[in-house]
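K.L.:
I would like the atomic coordinates for the input below:
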Amino acid sequence: PAPLYEPPPEKAAPVPAPVAHAAKNGAAAAQPIGPVNSKYTFDSFVVGKHNRMAVAAADVIARTPGERFNPLFIYGGSGLGKTHLLNAIANRLGEHGYRVLYCSAEQFTNDLVHAIRDRSTDAFRAKYRAIDVLLIDDVQFIVGKESTQEELFHTFNDLHAAGKQLVLTSDCPPRELPSLEDRLRSRFEGGLLTDIVVPDFETRVAILQTKIERQSLSVPYDVLMVVADRIKSNVRELEGALNNVWLYAQTHGVPLTAALADSILGSLGPRRTPCTPLRTIEHVAAYYGLT
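P.N.:
Purely as a prediction, here's the structure:
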C-alpha cells in the first residue's frame, strides 16, 4: 500500500506590504546594497516545524523593521535557509524604499581592511551606518578579529540607537562563538535568538516539490520520497541530490524511477532499513522490470 503522508507544510503567508518611511515620501523601490538574490523571497521559502519561529520573526521585521526583535540573530547549520531568509528580508524591504545593506561578515571585514589601508574609514562608516537595515551573514567569521569586532560594535551601537534594524546569522548561538567579545555577545543576545534545524521528512518532500514546481520539472512523487529519505543533512544537499538524479535520467535516456534514485543515492546516506543483498537485487530487478 502507498505510504501514509500528511499534507506538506504551508509556505509562508504573503507578508503584508510595510509602510516604509521613504515610501511615504513617494520614493521608488530601493535596490538593496550587496549580493542580494531576487529569487530568494518569502514566497519561495518552505516553512516547517524546523524553521517556523525564524520565518515568523523575519516576517515581522519585513513589515516593521526596527520596532521588534532588534537585533534578530538566526543560527543553524549550513544550507538550512539562513541566507535565504536574509535575502527575503532584503528583497521585501527594498521594494518599499528602505535602505538595506546585505553582506557577509567576511565582506564586512574585507571592506574594513581596505578602508584602513586606503585611509577611507569615514567612507566605510558612512556605507554601513547611513542605512535603515543591516543584514550580516555568517557572523562567526569575525571571531578572533579584534579590529573587525571593534568596528562592528560601534556600527551596531549607532544603528541600534537610531532605531535601525540589524539581522545576523551564524552557525551557532553567540554563547558558543569562541573569542567573541562579551560586549558584542550581549548585544547579539539582546533581541531575539532563534535557530533553524534540519527539516523533517515531510518538509524535505515539500521542499523538493517546491523546487520542481519552480523549475517546471517532471519528477514522480515516489522519487521525491526516496531523495528526501536519503538526504537528511541540509536543503542545499537535498536539492543537489535531486539534480543528480534528474540529470542522470536525462543524460542516460532512462525513466526517472524510485529504484533509479535509490541506486544513484545509495552511497550518499543511510537507509531507513538495512542494506541487504536481497533488497539490492529487488531494486535492480524493479528498475529493469524483472520479476
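K.L.:
out of everything not next to it in sequence, what's closest to residue 51?
P.N.:
The shortest distance from residue 51 to any non-neighbouring residue, by C-beta to C-beta, 6 or more residues apart in numbering, is to residue 196 (4.6 Å). Placement of C-beta: from N, CA and C, glycine included.
K.L.:
got the residue ranges for the strands in the stretch 51-200 of the chain?
P.N.:
According to DSSP state E, counting those that start in this stretch, the stretch 51-200 of the chain carries its strands in the segments 72-76, 100-104, 133-137, 165-170, 192-196.
K.L.:
can I get these in CSV with mean neighbour count?
P.N.:
Shown next, in CSV, are the strands of the stretch 51-200 of the chain (neighbours: other C-beta atoms under 10 Å):
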stretch, mean neighbour count
strand 72-76, 24
strand 100-104, 22
strand 133-137, 26
strand 165-170, 26
strand 192-196, 20
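K.L.:
among those, which comes closest to residue 124?
P.N.:
strand 100-104 (11.8 Å; C-beta to C-beta).
K.L.:
quick check: mean pLDDT of that closest one?
P.N.:
Strand 100-104 carries an average pLDDT of 97.
K.L.:
can you lay out the strands of the stretch 51-200 of the chain as TSV showing distance to residue 157?
P.N.:
Listed next are the strands of the stretch 51-200 of the chain as TSV, based on distance: least, C-beta to C-beta, whole Å:
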stretch	distance to residue 157
strand 72-76	16
strand 100-104	16
strand 133-137	12
strand 165-170	10
strand 192-196	18
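K.L.:
out of these, flag the one nearest residue 63.
P.N.:
Closest among the strands of the stretch 51-200 of the chain, using C-beta to C-beta: strand 165-170, at 11.2 Å.
K.L.:
packing partners of the closest one?
P.N.:
helix 52-63, strand 72-76, helix 82-94, strand 133-137, helix 146-161 (3 or more C-beta pairs under 8 Å, 6 or more residues apart in numbering; DSSP states H and E).
K.L.:
make sure the residue nearest to residue 51 is actually in contact with residue 83.
P.N.:
No: here residue 196 does not reach residue 83: they are 10.7 Å apart, not a contact under C-beta atoms under 8 Å.
K.L.:
still on that earlier bit, which of the strands of the stretch 51-200 of the chain sits closest to residue 36?
P.N.:
Between the strands of the stretch 51-200 of the chain, strand 100-104 lies closest to residue 36; by C-beta to C-beta that is 5.3 Å.
K.L.:
elements contacting the closest one?
P.N.:
helix 82-94, strand 133-137.
K.L.:
just for this protein, where's the confidence low?
P.N.:
Filtered on pLDDT under 70, the chain yields the residue ranges 1-30, 267-291.
K.L.:
report the residue ranges of every domain in it.
P.N.:
Following automatic domain parsing, one finds the domains of the chain at 21-196, 201-287.
K.L.:
off-centre distance for the longest one?
P.N.:
What that stands for is domain 21-196. 13 Å (C-alpha atoms, centre = their mean, to the nearest Å).
K.L.:
all helices of the chain, in order?
P.N.:
Counting by DSSP state H, the chain has helices at residues 21-24, 52-63, 82-94, 105-118, 121-129, 146-161, 182-188, 201-214, 221-230, 235-252, 258-264, 277-287.
K.L.:
just want the most central residue of the chain.
P.N.:
The chain has residue 81 as the residue nearest its centroid, 2.0 Å off, counting by C-alpha atoms, centre = their mean.
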